[in-house]
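Chemist: sequence and predicted structure below; questions after.
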Amino acid sequence: MIRKQGQTPFSPQSLLEEIEQREIETVRFAFADQHGLLRGKSIAAAEVPTALVHGVGFPSSLLAKDTSNKTVFPVFTAGAGLGMQELEGAADALMVPDPSTWRVLPWAPNTGWLLCDLRFPDGRPVPFCTRGLLRGALARLADAGFGYKAGLEIEFHIFRLADPRLRPEDAGQPGSPPEVSLLSAGYQLLSETRYDQLEPALELLRTHLAGLGLPLRSLECEYGPSQAEVTLAALDGLAAADAMVLFRSAAKQVMRRHGYHATFMCRPKLPNVMSSGWHLHQSLTRDGKNAFASESDFLSGTGKHFLAGLLAHARASAAFSTPTINGYKRYRPYSLAPERVVWGRDNRGAMLRVLGSPGDPATRIENRIGEPAANPYLYFASQILCGLDGIERKLEPPPPEKTPYDSQAALLPRSLDEALQALKSSTVLREGLGSAFVDYYCRIKEAEIARFNLEVSDWEQREYFDLY
């Protein structure tokens with residue numbers, strides 16, 4: 001049984017009945033970490049009643065790790081390097097399940113799945129729980145009288161797995177990436193022939209997404225070699241973010257089980273491949289109606305203020321929409337990816353593409369800045385906080401750009417480091433997410449940058465080894 005949006009969610013008792021009726025043997029208790037990646041434990045069905053009441057413990061040092069799984073903070077010192085006694089010594093925190101997220105995993109026999117929020121053993125929320133941060137942003141938006149809807153448009157790659165690189169010498173932090181081959185050649189956007197070459201893999205994905213109850217809208221052949229796009233129907237804010245983490249994890253697990261490799265890395269280092277983006281379609285609701293829709297204009301006053309807020313804080317929020325070093329290699333002129341902080345009406349070269357006309361109930365703002373690896377809880381929360389600031393201050397957007405790559409508007413950050421510097425100086429995001437979280441997040445990302453700067457790249461070898 002799958003509870004769809006709007007239906008009564010599972011209670012702990014009905015969830016236990018579901019587990020018994022469906023002969024579930026294990027339940028994965030999962031949480032999205034600071035990178036938006038799922039971590040967790042598999043619990044035997046007999047232990048689930050206790051886990052539902054008391055939560056499931058995990059080492060809090062997971063919250064101190066960068067993308068290589070190296071621990072950035074000195075967790076065995078006073079305050080764990082974070083000024084928090086609760087995290088000293090990698091002490092336990094708790095995964096507390098949200099019954100409304102219950103799924104049965106179609107690809108894993110007799111396995112259930114629950115998404116969790118993070119708590120300390122005394123019941124207090126863990127301040128670095130990104131799902132909790134989105135809850136806070138949504139609550140602030142609700143206090144202003146609005147709800148948030150998001151539709152997801154996600155580009156990614158599916159390759160055939162040629163060599164998983166599982167030899168001992170390939171292990172490491174991080175290990176060697178797998179060797180892959182293409183499923184299709186590229187540069188034929190929406191080609192039916194190219195789609196048919198991807199279809200065996202995409203059909204596997206479609207079947208399992210349907211089994212999860214995710215609101216699939218379309219499967220598409222994207223422009224690049226072995227590149228695909230999936231779109232999901234609009235959902236309320238928290239449900240949309242949950243859907244994104246589940247979709248990504250499902251795609252990687254299902255593809256790997258069938259000899260494929262799915263990656264949400266923005267720009268893989270493979271010959272001729274194209275960058276992938278994550279286009280976020282968003283709108284606000286009020287009294288059940290689209291608050292961006294207008295009877296006389298392309299966008300309501302509320303929508304224009306929200307748009308202006310997104311523009312005002314775009315450089316700082318880029319640290320959440322594009323959280324990897326690799327993602328900034330996508331921002332190129334004349335590439336269907338944004339380069340500057342501009343908006344346009346149905347213009348795919350602009351950072352913010354406004355879609356709407358008088359009376360259109362589907363009026364929305366599409367933010368084209370994101371990469372598919374972004375943590376959706378932080379991406380959504382940053383959008384809400386920035387847009388809400390525009391509403392509260394009644395900011396007005398500049399005129400739309402018709403030629404966004406020829407604009408004189410501010411450039412988007414050229415690197416993750418530049419985005420982090422903008423984030424550090426953002427009073428809106430510090431106030432909305434908490435200075436402690438912003439400093440924590442920046443330190444983890446700066447550790448990744450430091451490791452990157454110590455690596456000798458292929459470019460350096462080609463540039464200097466023979467010349468000097």
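Modeler: Sure, I can see it.

Chemist: from now on I want contacts and neighbour counts done on CA atoms only, so please keep to that.
Modeler: Will do.

Chemist: how about stretch 279-297: buried residues?
Modeler: Within stretch 279-297, the residues that count as buried by 16 or more other Cα atoms under 10 Å are 279-285, 290-294.

Chemist: what's the average pLDDT for stretch 69-80?
Modeler: For stretch 69-80, mean pLDDT rounds to 93.

Chemist: okay if I get the buried residues of stretch 279-297 as a markdown table plus distance to K445 and secondary structure?
Modeler: Shown next, in a markdown table, are the buried residues of stretch 279-297 (distance: Cα to Cα, whole Å; DSSP: H, G, I helix; E, B strand; the rest coil):
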| residue | distance to K445 | secondary structure |
| --- | --- | --- |
| H279 | 23 | strand |
| L280 | 23 | strand |
| H281 | 26 | strand |
| Q282 | 27 | strand |
| S283 | 29 | strand |
| L284 | 31 | strand |
| T285 | 34 | strand |
| N290 | 36 | strand |
| A291 | 35 | coil |
| F292 | 34 | coil |
| A293 | 38 | coil |
| S294 | 41 | coil |
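
Chemist: can you name the two of these that sit furthest apart?
Modeler: H279 and S294 (23.0 Å; Cα to Cα).

Chemist: buried sites along stretch 14-30?
Modeler: 15-16, 18-19, 24-30.

Chemist: so which of the residues you listed are in helices?
Modeler: The members of the buried residues of stretch 14-30 that map onto helices under DSSP state H are 15-16, 18-19.

Chemist: below-threshold pLDDT in the protein: ranges please.
Modeler: The model of the chain has pLDDT under 70 over residues 1-9.

Chemist: what number of residues lie near V456?
Modeler: Neighbour count of V456, defined by other Cα atoms under 10 Å: 9.

Chemist: which residue packs closest to T26, ignoring adjacent ones?
Modeler: A44 (4.6 Å; Cα to Cα, 6 or more residues apart in numbering).

Chemist: wait, what's in contact with the one you found?
Modeler: 25-27 (Cα atoms under 8 Å, 6 or more residues apart in numbering).

Chemist: measure the closest residue to H281 other than its chain neighbours to R330 for me?
Modeler: Take H281 and drop its neighbours on the chain: the residue closest to it by Cα to Cα, 6+ apart is E366, 4.2 Å away. Remark: distance between E366 and R330 (Cα to Cα, to the nearest Å) = 17 Å.

Chemist: about what we covered before: which of the contacts of A44 fall in strands?
Modeler: Within those, residues falling in strands by DSSP state E are 26-27.

Chemist: did I read that right, K149 in a helix?
Modeler: No - applying DSSP: H, G, I helix; E, B strand; the rest coil, one finds K149 to be strand, outside a helix.

Chemist: ok, it touching A234?
Modeler: Yes - the pair K149 and A234 passes the contact test of Cα atoms under 8 Å, sitting 6.1 Å apart.

Chemist: joint contacts of the two?
Modeler: Joint contacts of K149 and A234 (Cα under 8 Å, 6+ apart) are A240.

Chemist: returning to that earlier point: helices or strands up against the helix or strand hosting the residue nearest to H281?
Modeler: For E366, the host element (DSSP states H and E) is strand 364-370. Where contact means 3 or more Cα pairs under 8 Å, 6 or more residues apart in numbering; DSSP states H and E, strand 364-370 is packed against strand 278-286, helix 314-321, strand 352-355.

Chemist: residue contacts, K149?
Modeler: By Cα under 8 Å, 6+ apart, the neighbours of K149 are 234-237, 240, 282-285.

Chemist: kindly recompute the last result at 7 Å.
Modeler: The neighbours of K149, taking Cα atoms under 7 Å, 6 or more residues apart in numbering as the test, are 234-237, 282-284.

Chemist: which residue sits closest to it, ignoring its sequence neighbours?
Modeler: D236 (4.5 Å).

Chemist: contacts only, for the closest residue to W113 other than its chain neighbours.
Modeler: The spatial neighbour of W113 that comes closest, neighbours along the chain excluded (Cα to Cα, 6+ apart), is R28 at 4.6 Å. Listed by Cα under 7 Å, 6+ apart, the contact partners of R28 are 40-43, 112-114.

Chemist: which one of the residues you listed is nearest A374?
Modeler: Nearest to A374, judged by Cα to Cα, of these is G40 at 19.3 Å.
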